[in-house]
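> Could you work out the structure for the sequence below:
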Amino acid sequence: MGALLVAILVVPLATSLACLKASARLARALSLTSGAATFGLAVALIPSHQITTALGGWLRVDALSVVFLVAVTFLYATTTIFAIGYVRTGSGPVEARYSRRFFAGLNLFAWAMAMAPVVNGLALLWVAVEVTTVVSALLVAIDDTDGAAEAAWKYVLIASMGLGIALLATVVMYYAGSTVLGGSYELSYANLLGAATRFPPEIVRLSFGLAVLGFGSKMGLVPVHTWLPDAHSEAPTPISAMLSGSLLTVSFYAILRFYQVTVRAIGPDFPRAVLLVFGLASLVLAALYLARQHDLKRLLAYSSVEHMGILAVGMSFSAPIAIVGVLLHVLAHAAAKSTAFFGAGSVIRKFGTKEMSRIQGGIGALPWSGPMLVLAVLALSAMPPFGIFRSEFLIVEGGLAGSSTAVPAVLVVFVTLAFLGLSWFATQTMLTPTPDGVVRGEENAWMPVSMVMGLAVLVLLGVHPPPQLSSLLERAAAELGAHR
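Numbers count the residues shown, from 1 in each chain. Got it, this is the predicted structure:
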């Protein structure tokens, strides 16, 4: 199994390097192959019931790692399919150079995000998340427009400050460990989890609070979310999908690793309270902003803030069934949000604008992408039979199992408010008559195919998740120290 871990990192990295020198057509083919192969390697890890290591312990995956690795690599696979249809390739050198740079960056971005759940230890995890920042910032600005450059700079500034705080959190956690393990030790998960019960409580509290604030800037938690709507709006659509579906959840994975140590050191009460505050703030603000958006991609960006809030609130419930719901939500959100962004990309291409007031009759103009975008919006709104309905149901059920019903009630209210904002968009832009002069038809087959894959996974997760996947989610929840 160790060879699988190495291959998961080698394949996209080698593909990225190859794309820099390959022709535009070959870069597309290599990316498509790499995405499919990497996802297949990640799926092969699902049945494993043991911790797998490689390269002398530098790489390590447990059930929690595999959940996030599957989410990242699935999105990698579907995004390469969409990107083949989205990135236009002409005969000129400018188009060919752009295509090579784009696919090289996309594969490198996927490699960095796959590295985060595979490396062993908080220090290496921080390095991996930092690499995702550098690569994704370049991809946000790749179209070389004023808006893209401004969004990339804003992203770099906020994310860098956040990751500086996250680095401090890592150093503080190392110090907590040094009080037990000595002044020099490996910051591996095994060392931290094995000795966590003897860590100084106040130092652990400080480390966890800093980690949520620091990595929360990359996750899109309020109030350190302000880069997210701009970056998602200005980036090319395939990159927007990966930012929303993968990058945010990779940052959430980093928070969960600190949560894992903190729960063992001081119990669940403090980390639950911190996550509840950040989660509720994100959920409330995003739901309100969804009702007043005019830009299609910014609408989906605020939807991402909402769902990150749901993840944080779900973890604050701490019940095993709620944590299973959170981990299922990671997978379902990746599929739903990427499908929605793919549909938005097709709509923007067809109408030549992101302004929702200028988009009408999307279903009539796009016979495949239009209806599937509406279904993706319904999935994001937690409508059955999609996976987000199941995951949010489990989260609310876990919340109701606690001593108070107030927080689950607030969660339901603001999820409903977010649904109203998203449904207004679907009604006004997709279900209205198609204006005269709009040519009916898809730009190519690649773009809707990627959406079909996302919707198929959403239905599978909502109706009947595979037994091995359900077992994986339960094992991952147990690793997080779920408490009744």
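> buried set for the longest helix seen in the chain?
For the chain, the longest helix by residue count, based on DSSP state H, is helix 146-181. Under the neighbour-count criterion of 16 or more other C-beta atoms under 10 Å, helix 146-181 has 148, 151-152, 154-156, 158-159, 162-163, 165-174, 176-177, 180-181 buried. The C-beta positions use only the backbone N, C-alpha and C, and glycine is treated the same way.
> cool, stretch 267-287 as well?
268, 270-272, 274-287.
> Check stretch 356-376 too.
Buried, per 16+ other C-beta under 10 Å, within stretch 356-376: 356, 359-366, 368-376.
> Return the residues in contact with Ala7.
Leu41 (C-beta atoms under 8 Å, 6 or more residues apart in numbering).
> Quick check: the gap between it and Val118.
When distance is defined by C-beta to C-beta, to the nearest Å, Ala7 is 11 Å away from Val118.
> Same question for Val156.
Taking C-beta to C-beta, one finds Val156 at 25 Å from Val118.
> now swap in Leu394 and tell me
Taking C-beta to C-beta, one finds Leu394 at 27 Å from Val118.
> now do Arg100
Distance from Arg100 to Val118, by C-beta to C-beta: 27 Å.
> Quick one, grab the pLDDT at Tyr259.
pLDDT, Tyr259: 97.
> Report the spatially closest residue to Pro367, excluding sequence-adjacent ones.
Arg440 (6.7 Å; C-beta to C-beta, 6 or more residues apart in numbering).
> for the stretch 1-150 of the chain, what are the low-confidence residue spans?
89-92 (pLDDT under 70).
> Could you measure from Arg292 over to Leu206?
Distance of Arg292 to Leu206, given as C-beta to C-beta: 37 Å.
> Same question for Gly370.
If you go by C-beta to C-beta, the gap between Gly370 and Leu206 works out to 50 Å.
> Go through stretch 96-106 and flag the buried ones.
So, applying 16+ other C-beta under 10 Å, buried residues of stretch 96-106: Ala96, Tyr98, Ser99, Arg100, Arg101, Phe102, Phe103, Ala104, Gly105, Leu106.
> chain center to it: distance?
Here stretch 96-106 is found 22 Å from its chain centre; the criterion is C-alpha atoms, centre = their mean, to the nearest Å.
> residues touching Val412, list them.
Val396.
> gap between it and Ser423?
16 Å.
> quick one: contacts of stretch 188-197?
So stretch 188-197 is contacted by 57, 60, 62, 120-122, 173, 177, 180-181, 185, 204, 257, 260-262, 264-265 (C-beta under 8 Å, 6+ apart).
> give me that answer again for 10 Å
51, 53, 57-58, 60, 62, 64-65, 119-125, 173-174, 176-177, 179-181, 185-186, 199, 204, 257-258, 260-266, 479, 481 (C-beta atoms under 10 Å, 6 or more residues apart in numbering).
> Narrow those to just the buried residues.
Applying 16+ other C-beta under 10 Å to the contacts of stretch 188-197 flags 53, 60, 62, 64-65, 119-125, 173-174, 176-177, 180-181, 199, 204, 257-258, 260-266, 479, 481 as buried.
> what ranges do the strands span in the stretch 301-450 of the chain?
In the stretch 301-450 of the chain, no strands are defined using DSSP state E, counting those that start in this stretch.
> Much appreciated, bye for now.
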